[in-house]
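Student: Fold the following and give me the result.
(chains A and B)
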Amino acid sequence: MRLLLTITASVLLAAGTGDDKPARDGKSADPFMPVDVFVDSGNKQLVAYQLEITYDHKQVKIISLEGGEPEAFKDAPHYDPAGMTRGRIIIAAFTTDHAGAPKGKNRLARLHLTAEGHGTPKLKVTVVAAAKPGGKRLDAKAELEGMRKTRKGFEE
Amino acid sequence: MTAPENLNNGIRSLESSLGEDLRSELQATDVAVPAAADAAARAVIRSRAAEIRRAAGRRHRHLWPVWAAAAALLLAAGTWLALSRGKSPLAGDIDRSGRVDIVDAYLLARRINEGGKLEARWDITGDGKVNRGDVEAVATRAVSIEGR
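Tutor: Numbering: from 1, shown residues only, chains lettered A, B, ... in the order given. Take a look at the predicted model:
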């Protein structure tokens, strides 16, 4: 039986942000911001993942995507370019290199954003599909991590 | 001696003990039934028969929803069977899960790499071959946000 997962892992990139208030102490926020995409497959090897990421398209635009740290997922994931500005993007990748398929929590991709305003934007990630060697579905969790840079350091 | 023989002997014994007049009255076959009584009996029989027919009709009328439901069920089952037999799987849905996702691309890539049997329906690009181009096509469909 196929197990279809849609685990929503929440994501608030930094606490108490998302408003349009100016940064404190005269700090001005950098509009460019990287966001790391992590997937945790527990003690099972991960050979394929598909995630849906939603965001406020009025505040955020995705400029580019890059791959992750494990060799098996070092290339940029598949995505629809239309998703870079419409508030929802689906990213996905797979590997047939079972020996190199990672276990546990790994950074599998990175998004580069521009964010308007001064708060750290909120994004949400949902696992659409994840599979272990052979193609059987597995339970996986995803999360996003990112910090917005200011001229005097990192915000939150 | 059997039970019917016992009974017949008993009846004969009872008859022989009756007087001659009474025996002749009991054996009389030509009994006159008054016409009015006959008509009344016929009327009762007709009336009762009509009641029985009406009751049977009512019972049948109460069953019509059951028959209608059974007919609808049969029709639905036949339609579903016909549609499911004629329905082609979603293009790119390699594992027939009902949707196209990255696991389909993985499964197709793996099958190609292993040199396994390839099905014609996996020719997503329509170029007459099943190859890496079809894997890319499946992955592209999986991440498309159009129509979702």
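
Student: Just after the helix or strand encompassing A:Thr54, pick out the following helix or strand.
Tutor: A:Thr54 is part of strand A:48-55, with elements assigned from DSSP states H and E. Proceeding C-terminally, strand A:48-55 gives way to strand A:60-67 as the next helix or strand, assigned by DSSP H and E.

Student: got the buried residues for that following strand?
Tutor: A:60-62, A:65, A:67 (16 or more other C-beta atoms under 10 Å in any protein chain shown). Using the backbone N, CA and C atoms, a C-beta is placed for each residue, glycine as well.

Student: could you redo those residues as TSV and give each row pLDDT and distance to B:Ala69?
Tutor: As requested, these are exported to TSV (pLDDT from 0 to 100; distance: C-beta to C-beta, whole Å):
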residue	pLDDT	distance to B:Ala69
A:Val60	94	54
A:Lys61	95	57
A:Ile62	97	54
A:Leu65	97	55
A:Gly67	97	58
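
Student: Contact residues of chain B facing chain A?
Tutor: Taking C-beta under 8 Å from any C-beta of the partner chain, the part of chain B that reaches chain A is made up of B:95, B:97, B:101-103, B:105-107, B:109-110, B:113, B:139-140, B:142-146, B:148.

Student: Tell me which stretches of chain B form helices.
Tutor: With DSSP state H as the criterion, chain B has helices at B:3-17, B:20-26, B:35-62, B:64-86, B:102-114, B:132-143.

Student: how far out from the middle of the chain is the fifth one?
Tutor: Think helix B:102-114. Its chain's average C-alpha position is 45 Å from that of helix B:102-114, according to C-alpha atoms, centre = their mean, to the nearest Å.

Student: which residues are in contact with it?
Tutor: Contact with helix B:102-114 is made by A:47-50, A:78, A:92-96, A:129, A:131, A:135, A:137, B:92-95, B:97, B:117-118, B:122, B:130-132, B:134-136, B:138-139, B:142-143, as judged by C-beta atoms under 8 Å, 6 or more residues apart in numbering or on different chains.

Student: And the last one, by the same measure?
Tutor: Contacts with helix B:132-143, where a contact means C-beta under 8 Å, 6+ apart, come from A:50, A:77-80, A:83, A:90-92, A:94, B:91-92, B:94, B:100-102, B:104-105, B:108-109, B:112, B:122-125, B:127.

Student: Please flag which of these sit within strands.
Tutor: With DSSP state E as the criterion, strands contain A:50, A:78-79, A:90-92, A:94 from among those.

Student: Which helix or which strand is home to the residue nearest to A:Phe73 when sequence neighbours are not counted?
Tutor: Spatially, and ignoring its direct neighbours in sequence, A:Phe73 is nearest to A:Leu108 (4.8 Å; C-beta to C-beta, 6 or more residues apart in numbering or on different chains). Assessed by DSSP H and E, A:Leu108 sits inside strand A:105-115.
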